[in-house]
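J.: Give the three-dimensional model of this entry:
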Amino acid sequence: MNTWYLYVIRCKYGRLYTGITTDVERRFAEHTSNDKKGAKYLRGKAPLTLVMKKKIGSKGMALKLEAKVKKLSKIKKEMFVEGKIHIKI
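T.: Residues are numbered from 1 along each chain as shown. This next block holds a predicted model:
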């Protein structure tokens, strides 16, 4: 069974992108390359910086947390990245 991670990437103009994967380094490399495997949203939004990675466990739990994080306001996402707030799954 694979371990799933939630990750957050900071894009141009400070926007935050949230995703899940079993291999954060590989996924970040896909996003930063001009490969079609990276997210369309991140194309043209370089420089990209990985600002957070959090070990979650199962894919189901990672999907639930990702959905909750994506619904947060920009201010609350920043607080989550800084570790000032926690989100229960």
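J.: packing partners for the helix ranked longest in the chain?
T.: Across the chain, the longest stretch assigned as helix under DSSP state H is helix 59-70. Helix 59-70 is packed against strand 4-10, strand 16-21, strand 49-57, with contacts defined by 3 or more Cβ pairs under 8 Å, 6 or more residues apart in numbering; DSSP states H and E. To be clear about C-beta, it is placed using only N, CA and C from the backbone, and glycine gets the same treatment.
J.: That one: what's the following helix or strand?
T.: helix 74-81 (DSSP states H and E).
J.: quick one: average pLDDT of that next one?
T.: What helix 74-81 shows for mean pLDDT is 97.
J.: what separates E78 from K71, distance-wise?
T.: Using Cβ to Cβ, to the nearest Å, E78 is found at 15 Å from K71.
J.: Between these two, tell me which one has more neighbours.
T.: E78 (17 against 10; other Cβ atoms under 10 Å).
J.: Give the full set of residues in contact with the more buried one.
T.: By Cβ atoms under 8 Å, 6 or more residues apart in numbering, the residues touching E78 are L16.
J.: and K77, how far is that from K68?
T.: K77 sits at a distance of 11 Å from K68 (criterion: Cβ to Cβ).
J.: more crowded one of these two?
T.: A side-by-side neighbour count of K77 and K68, using other Cβ under 10 Å, places K77 first with 19 against 15.
J.: which non-adjacent residue is nearest the more buried one?
T.: Nearest residue to K77 in three dimensions, chain neighbours excluded: L16, at 5.1 Å (Cβ to Cβ, 6 or more residues apart in numbering).
J.: Now for the one you found: which residues touch it?
T.: V8, I9, R10, V51, K74, K77, E78, V81.
J.: And R27, by the same measure?
T.: Contact analysis of R27 by Cβ under 8 Å, 6+ apart lists Y7, G19, T21.
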